[in-house]
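Enquirer: Just to be clear, the model below is a prediction. Sequence and coordinates:
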Amino acid sequence: MRNFGLDDWAIAALGTHDFAAARRVAVHAEELLDRPRVVATLDDAIADCAWVVATSSRRVRGKRRLAPDEVAREALARAGEGTTAIVFGDERSGLTTAEVDRCHDLSSIPSASEQPSLNLAQAVLVYAWELRRAELEAGGAPAPPRADGATGATDAELARVEEALRSALRAAGFLAGPERHAVRDLLASLRRARLSRREARLWLAALKTLGRP
């Protein structure tokens, strides 16, 4: 991260706070080990983010699959809307199905099929380099704000829209049995629409009104 100018990171469900081993190899980057946001869940880590990309080789209906360089270019283009998060899973097992579902889009490094998994630090380096390269190719200029002056809805705001949507559908009898993928698929269309914060608040207000008896 320090090699490529990144310093905003969070660790969800940290098993240990012992960074001694990391300090031995984090030459000139020790300060990054002093200030990670340690949170309990992925939801906490991405609450303030407008675009969340899961690093996973899975294919999920309704989610785009992007190469690392595509993620980097789009993250740069979206910078005027809000923060982008790239989510990495546990080195042994990767991201869970629930964690993948929480993210807007997917990305993976096109590694050889004989050995598809990368060491976590190596995977982070690939994405960090692509972000740096995209920035350099753009001349280092920050992305302009949205033409309408609005910022993108955060993940936390979309999560509130999702819960209101679920409640309204249950009250209307649409979700009479197991939910399955109905709410997730409906919300996916809203994620693709890249709602502004104002639009997300409007959706929330409308859905809460519909959900009232």
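Expert: Sure, I can see it. Numbers count the residues shown, from 1 in each chain.
Enquirer: F174: neighbouring residues, count only.
Expert: F174 has 12 neighbours, counted by other Cβ atoms under 10 Å. C-beta: built from backbone N, CA, C; applies to glycine.
Enquirer: next one: D8
Expert: 11.
Enquirer: what residue ranges in this protein score low on pLDDT?
Expert: Scanning the chain for pLDDT under 70 picks out 15-18, 140-149, 211-213.
Enquirer: Run through who's touching the longest strand anywhere in it.
Expert: Across the chain, the longest stretch assigned as strand under DSSP state E is strand 49-55. With contact meaning Cβ atoms under 8 Å, 6 or more residues apart in numbering, strand 49-55 is reached by 46, 66, 71, 74-75, 78, 81-89, 95, 99-100, 102-109, 123, 127, 151-155, 194.
Enquirer: next one: stretch 95-108
Expert: 42-43, 46, 51-60, 63-68, 70-71, 86-89, 127, 155, 184, 191.
Enquirer: Filter the residues you listed down to the buried ones.
Expert: The neighbour-count criterion (16 or more other Cβ atoms under 10 Å) marks 42, 46, 51-56, 60, 63, 66, 68, 70-71, 86-89, 127, 155, 184, 191 among these as buried.
Enquirer: Now intersect the residues you listed with the strands, please.
Expert: Cross-referencing these against strands under DSSP E gives W51, V52, V53, A54, T55, L66, I86, V87.
Enquirer: Could you dump those into CSV and include distance to A176?
Expert: Below are these laid out as CSV (distance: Cβ to Cβ, whole Å):
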residue, distance to A176
W51, 34
V52, 31
V53, 34
A54, 31
T55, 36
L66, 36
I86, 38
V87, 33
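Enquirer: The longest strand of the chain pairs with which strands?
Expert: strand 83-87 (parallel), strand 105-107 (parallel) (DSSP bridges).
Enquirer: Columns distance to F4 on top of the ones you listed, output as TSV?
Expert: Converted to TSV, the strands paired with strand 49-55 look like this (distance: least, Cβ to Cβ, whole Å):
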stretch	distance to F4
strand 83-87	12
strand 105-107	17
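Enquirer: Identify whichever of those strands lies nearest to L32.
Expert: strand 83-87 (15.8 Å; Cβ to Cβ).
Enquirer: So the chain: which segments form each domain?
Expert: Using automatic domain parsing, the domains assigned to the chain come out as 10-137, 155-210.
Enquirer: Just send those domains back as TSV, with distance to N3 too.
Expert: What follows is the domains of the chain, written out as TSV (distance: least, Cβ to Cβ, whole Å):
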stretch	distance to N3
domain 10-137	7
domain 155-210	27
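Enquirer: of all those domains, which lies closest to R2?
Expert: Closest among these, using Cβ to Cβ: domain 10-137, at 3.6 Å.
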